[in-house]
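Undergrad: build me a model:
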Amino acid sequence: MHCVTASLFFSSFLRHIPSRATQIRLLEWKIRNDILTYVSRGCPTLLLDEISNYQPKQPSGWDKVIERVNGLENDGHGAKLVRALAHGGAVCRTFEGREGFVIEGACRESWGIWRLIVWRVEGRCGLGEVDLRRRGRMCR
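TA: Here you go, the predicted model:
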């Protein structure tokens, strides 16, 4: 989660670095750090089908998701994650259709990851909010 929320800063941060080579190098090291963080958590199984095929009980756009997450009583992790994913979706959309961009369609609003996060932070799968932050497990 912290790797995702830290990505928010890259869009503005990289704009102030004129060297394309330096931008690429910084992004490469961010990705290396993300991989090391994933490994340090025991390499939890990535359940991509559960994310991409998730059907919310309350279908909505970003505005309703943000409203719901802001209304939750938690320490703010859910709101930070939804904000980072909204930003990531906006950035991804600018690359869709380009050669080499392999996550085609993943950034569209039909992709349910932000709704899944709200559902998860609400504690609807019975594991509690702390599970989202510490272990990275997804609800089944």
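Undergrad: and the residue nearest the centre of this protein?
TA: For the chain, residue 85 is the residue whose C-alpha lies nearest the centre (Cα atoms, centre = their mean; 4.3 Å).
Undergrad: quick one: what helix or strand has it in it?
TA: Applying DSSP states H and E as the criterion places residue 85 in helix 77-93.
Undergrad: using CSV, write down the CA coordinates of that helix.
TA: The C-alpha coordinates for helix 77-93 follow below in CSV (Å, rounded to 0.1, in the frame of the first residue of the first chain):
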residue,chain,number,x,y,z
HIS,A,77,-5.1,4.5,4.8
GLY,A,78,-8.1,3.8,2.6
ALA,A,79,-8.5,7.4,1.5
LYS,A,80,-4.8,7.7,0.7
LEU,A,81,-4.9,4.5,-1.3
VAL,A,82,-8.0,5.5,-3.3
ARG,A,83,-6.4,8.9,-4.0
ALA,A,84,-3.3,7.2,-5.3
LEU,A,85,-5.2,4.8,-7.5
ALA,A,86,-7.3,7.7,-9.0
HIS,A,87,-4.1,9.5,-9.8
GLY,A,88,-2.6,6.3,-11.2
GLY,A,89,-5.6,5.7,-13.4
ALA,A,90,-5.4,9.3,-14.8
VAL,A,91,-1.7,8.8,-15.6
CYS,A,92,-2.3,5.3,-17.2
ARG,A,93,-5.0,6.6,-19.5
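Undergrad: can you pull the domain assignment for the protein?
TA: When the chain is parsed with automatic domain parsing, its domains come out as 1-43, 46-140.
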